[in-house]
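Undergrad: Below: sequence and its predicted model.
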Amino acid sequence: MKSIVIGIHLKQTDVKPIADAMKVGDLFASVFAVDDDRPLGDRDLLIEVSTIRARLLDVATFIAVRYGLAVRDEDELAQKVAGMTKGWREVLVAHRDEVEMTLKAAAASPPPRPNRLDFQSGGAYLRALHEATNAVDIDPNFRRGVERMLIPITTRHRWIRDTSSVELAMLVRRRDLHAVREAGESLRRDHPTMPFLLSGPWPLEVFADDHQQ
Amino acid sequence: MAEQQLEITLVETLDHLLDRGVVIAGEATISIGNVDLLYLGLNIVLANMDAMKRTGRK
């Protein structure tokens, strides 16, 4: 059997009985045991882990571990996370009462994505990709609406761009989740032609490295 | 309409599962039906295999 690592939690009671818990430093990892021959890309497994992730978040905020890590036991996990638990503890204590929400919106007029074949060097391609990404923005009216209605409810936010969309990652107090959803509905009424997706709550994903800033 | 919303929610959920959160040392090739969909490695990269090939990465 192997264990898929789902998240890092402050208390064992944040994990059990929803998932199995592995002790890691003075924290706990939520894990899900699967047969060795079951591929990590199994669709049902992905959905199962997603469901467990959501149920764990109902109990308490945790740091999400990107899907794909499977370990044999606590010793193997301890080796892989050596040096990380102190920072994680700080994040988990500081944001115990917060969750993440995301708003994804299509770019107003996305510039064409650079084609690697048009560039002789990888460096030139990466520079062009960086410039194209920085040029992406959403409709300014919609952006102003987001800044006026959503951002004041958050405790922290970060704009993330790729070459075709803009995403707002928000850290939100659990008690403000309803206000965030209401602000989303207001945005939908005020900007009926603007396609966007407000989703969450999510565990600490974007803000999981908060202690490093 | 409800079915479409369910699909969006599922896609969004899987997107967060596969593309967010802390990356811990480890490497996995995630495949469905013998087709590699995602390659996770070097602690930093999670990308669509096809996109990686198109951009010249091996």
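TA: Perfect, thanks for sending it.

Undergrad: What is the burial count for A:Val91?
TA: Number of residues near A:Val91 (other Cβ atoms under 10 Å in any protein chain shown) recorded here: 22. (Glycine included, C-beta is placed from N, CA and C.)

Undergrad: Just the buried residues of the helix or strand it falls within, please?
TA: Assigned by DSSP states H and E, A:Val91 falls within helix A:85-94. Within helix A:85-94, the residues that count as buried by 16 or more other Cβ atoms under 10 Å in any protein chain shown are A:Thr85, A:Gly87, A:Trp88, A:Arg89, A:Val91, A:Leu92.

Undergrad: now stretch A:169-185
TA: If you call a residue buried by 16+ other Cβ under 10 Å, then stretch A:169-185 has these buried ones: A:Ala169, A:Met170, A:Leu171, A:Val172, A:Asp176, A:Val180, A:Ala183, A:Gly184.

Undergrad: Might one say that A:Thr61 is in contact with A:Val91?
TA: No. The criterion here is Cβ atoms under 8 Å, and A:Thr61 misses it with A:Val91 at 9.4 Å.

Undergrad: Common neighbours of the two, please.
TA: Common neighbours of A:Thr61 and A:Val91, using Cβ atoms under 8 Å, 6 or more residues apart in numbering or on different chains, are A:Leu204.

Undergrad: Check whether A:Ile151 really touches A:Gly145, as I assumed.
TA: No. A:Ile151 lies out of contact with A:Gly145 (Cβ under 8 Å); the separation is 10.2 Å.

Undergrad: More neighbours: these two, which one.
TA: Using other Cβ under 10 Å, the more surrounded residue of A:Ile151 and A:Gly145 is A:Gly145, with 17 against 13.

Undergrad: Now for the more buried one: which residues touch it?
TA: Counted by Cβ under 8 Å, 6+ apart, A:Gly145 has contacts A:Leu187, A:Asp190, A:His191.

Undergrad: With A:Val93 instead?
TA: A:Leu10.

Undergrad: Show me what the helix or strand of chain A with the lowest mean pLDDT is packed up against.
TA: The least trusted helix or strand in chain A, going by mean pLDDT, DSSP states H and E, turns out to be helix A:122-134, with a mean of 74. In terms of contacts (3 or more Cβ pairs under 8 Å, 6 or more residues apart in numbering or on different chains; DSSP states H and E), helix A:122-134 is packed against no helix or strand at all.

Undergrad: Distance of the nearest residue to A:Pro114 once chain neighbours are set aside relative to A:Phe142?
TA: With Cβ to Cβ, 6 or more residues apart in numbering or on different chains as the criterion, A:Pro114 has its nearest non-adjacent residue at 4.1 Å, and that residue is A:Ala128. Applying Cβ to Cβ, to the nearest Å, the value for A:Ala128 to A:Phe142 is 27 Å.

Undergrad: One more: A:Met149?
TA: A:Met149 is 11 Å from A:Phe142, by Cβ to Cβ.

Undergrad: Equivalent analysis for A:Trp202, please.
TA: Separation of A:Trp202 from A:Phe142 (Cβ to Cβ) stands at 22 Å.

Undergrad: Same drill for these two, tell me which one is more crowded.
TA: Ranked by neighbour count (other Cβ under 10 Å), A:Trp202 and A:Phe142 place A:Trp202 first, with 25 against 19.
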